[in-house]
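Q: here are the coordinates; sequence isn't available:
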């Protein structure tokens, strides 16, 4: 396969606060349904709770994983992988003979930050080591590989908020180079008190439902969820009688080299990542039907992102889905890639939830109602702590 | 695949830089330190040389985890003696088993001590796994692709595979590739609860049935390029593989030297006995840098140094020899052939990195 060849997506699974399946998620997006509320699974000491987008149902209510004592992040990841494998027409656990890799993005899923354990440790008590055992057995990529008895490479990408986007880019590269026949690529992340308090401490969380790209935006709401794309080599698609739903046409990644938590004011890294992704895809700005933006609703992110979109892709409509899902951190990029494919398939993009007033400083505004699109290529982008930026170009055809 | 190694930067219990590592390899040991909190022994790393490269003031808000990584990165660049390519042509890949553990716990301290509303934003932003990579891109003004990977014991082969991919597909021309892990008291506590205390701080890897691992910390960085340069003294990465073994022995090459990633954990060390055919030509250097998830990066550094020095270092005496393997017991000239760094871990995971002399 040539170095920039399109990589087929044969199955998609997704769950978030907007729905427990890909279908439910898209229904929420197109009907404008969103549910931001104070966290249910944990409490906090803030005078007024900050809303979150929480997955309230059991992600694995109809499936029992081999190892029951796994983290919530892993349960979310397995649920998304299961839906994606079934969507691809595959029987999970029956991919023997294929070299199947797993590349998953996360943040919380790789962090040893259990408060219960640490409080007991600090207090000189005898903390339960099962918590640590669960952490050590809970690498998201490895757990999925173990669950579905896969023998290919595993990689858990921890690029903060762009992890899911990067994981799909890395997975596509494994297919192109022949390292894998198939890759389970995406991201999974759970809500937890530590990240909740962390983002509030940075003063980039909104105490009301988030308003991406709005003039009066005050910050993000955290979310949780998972999404998985099944990436497959052409030979395997034929052998397994799968069908390509869409293609990864290009991937770009670039650093700002500017600040640990704020994007470069000039959008240097995002510009570079977008340029590289477009170049790899062989597409021009005019080919892009829409952009599923990162759009966290923080002042800095939306300002930088809007500037780059305005200058590089000024005619393409754009929106953020954070108003439906919250910011699911390491899963966000994968969830948004999944939404991007579904929007291309349906020929319609959703309204940017939470947007009311145009921001004159941004110079552009997202779509405010469900909008028909006619072209078959779109962009999904992510900006992350560490000054990292990642961009995917996705298309319905090989291009 | 031919991915050239142009420079190496290492920091660990043995010191900082390839010279310190070679000294300890030649001596067959590194200094271990007994914990003053009753948490056994460690191989503590020293980051003081970082001030040779970065002004002290600039380091104030950078935690020790990132400092270990930054020092490794600067040492690799200094060792290479070649400039980084400007703009987008240099990529950065960092991997870690545990990430910034101490900073994560310090952030929890701020929550517990000061309350949710007064948690420390600086600690939170430094606790993110890709903070080390972020600091390196800022200090070195890197604008290319950047990736951080956390895959426990398979972090190094998994991340190196991506570095080789980026170079092979022409995404970049150079990759600064590194691995980092730090020791902290909570880790020491967990270690003690899981394994008890090592009797004397001596690691005895491959002593099947004996738990002798001593926690290490540090970083190992490599400046990699797709094209051979005048600085490619360390040979090249010829192959990287990782995945899950079936219930059979690994196919081995008879003329290769295997650097075994056994590190004194009896559960993992037993895997080598189970999956590796007897009689292979092998070495093991973990007693020089300790047991840590990214130990394979140090194995890779030693393999590259064998190629540069044209000699194979002797395994430390404490490496057990039960007659299964032809363990390198005396330093000997390197006469060609490949060096394969082999790491086995639970759930039958494996990682193999093959280095070849030019």
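A: Arrived safely, thanks for sending. Note that the structure is predicted; figures quoted are calculated from it, not measured.

Q: who touches whatever helix or strand residue B:124 lives in?
A: Per DSSP states H and E: residue B:124 is located in helix B:121-127. Here helix B:121-127 makes contact (Cβ atoms under 8 Å, 6 or more residues apart in numbering or on different chains) with A:111, A:113, A:197-199, A:201-203, A:260-261, A:385, B:61-63, B:65-66, B:99-100, B:103-104, B:106-107, B:110, B:131. Bear in mind the C-beta positions are built from the backbone N, C-alpha and C, glycine included.

Q: find the closest residue to chain B in chain A.
A: Nearest residue of chain A to chain B: residue A:386, at 3.1 Å (Cβ to the nearest Cβ).

Q: show me what contacts residue B:144?
A: A:254, A:255, A:272, B:87, B:88, B:89, B:90, B:91, B:92, B:172.

Q: that one in helix, strand or coil?
A: Assigned state for residue B:144: coil (three-state reduction, DSSP: H, G, I helix; E, B strand; the rest coil).

Q: likewise the one 4 residues further on?
A: At residue B:148 the chain is in strand, as set by three-state DSSP.

Q: how many residues are close by residue B:245?
A: Look at residue B:245: counted by other Cβ atoms under 10 Å in any protein chain shown, it has 16 neighbours.

Q: pretty sure residue B:238 contacts residue B:356?
A: Yes: if you go by Cβ atoms under 8 Å, residue B:238 and residue B:356 touch, sitting 4.5 Å apart.

Q: mind listing the shared neighbours of those two?
A: B:2, B:338.

Q: which parts of the stretch 151-300 of chain B are helices?
A: Along the stretch 151-300 of chain B, the stretches classed as helices by DSSP state H, counting those that start in this stretch are B:155-168, B:185-195, B:266-275, B:286-289, B:295-309.

Q: swap in chain A?
A: In chain A, the helices defined using DSSP state H lie at A:22-31, A:72-87, A:115-122, A:130-136, A:140-147, A:163-177, A:193-201, A:234-239, A:268-281, A:299-312, A:322-325, A:332-346.

Q: would you format those as a markdown table with mean neighbour count and distance to chain B included?
A: Listed next are the helices of chain A as a markdown table, based on neighbours: other Cβ atoms under 10 Å in any protein chain shown; distance: least, Cβ to the nearest Cβ, whole Å:
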| stretch | mean neighbour count | distance to chain B |
| --- | --- | --- |
| helix A:22-31 | 18 | 27 |
| helix A:72-87 | 26 | 13 |
| helix A:115-122 | 16 | 5 |
| helix A:130-136 | 16 | 5 |
| helix A:140-147 | 28 | 6 |
| helix A:163-177 | 30 | 5 |
| helix A:193-201 | 23 | 4 |
| helix A:234-239 | 14 | 17 |
| helix A:268-281 | 24 | 5 |
| helix A:299-312 | 21 | 13 |
| helix A:322-325 | 30 | 19 |
| helix A:332-346 | 27 | 13 |
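
Q: in CSV: those, plus distance to residue A:57.
A: Listed next are the helices of chain A as CSV, based on distance: least, Cβ to Cβ, whole Å:
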stretch, distance to residue A:57
helix A:22-31, 10
helix A:72-87, 10
helix A:115-122, 24
helix A:130-136, 22
helix A:140-147, 20
helix A:163-177, 21
helix A:193-201, 20
helix A:234-239, 33
helix A:268-281, 35
helix A:299-312, 30
helix A:322-325, 15
helix A:332-346, 16
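
Q: how about TSV for these, with mean pLDDT and distance to residue B:334 added?
A: Shown next, in TSV, are those (pLDDT from 0 to 100; distance: least, Cβ to Cβ, whole Å):
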stretch	mean pLDDT	distance to residue B:334
helix A:22-31	98	55
helix A:72-87	97	44
helix A:115-122	96	47
helix A:130-136	94	37
helix A:140-147	96	35
helix A:163-177	97	30
helix A:193-201	97	48
helix A:234-239	95	41
helix A:268-281	97	40
helix A:299-312	97	51
helix A:322-325	98	55
helix A:332-346	98	45
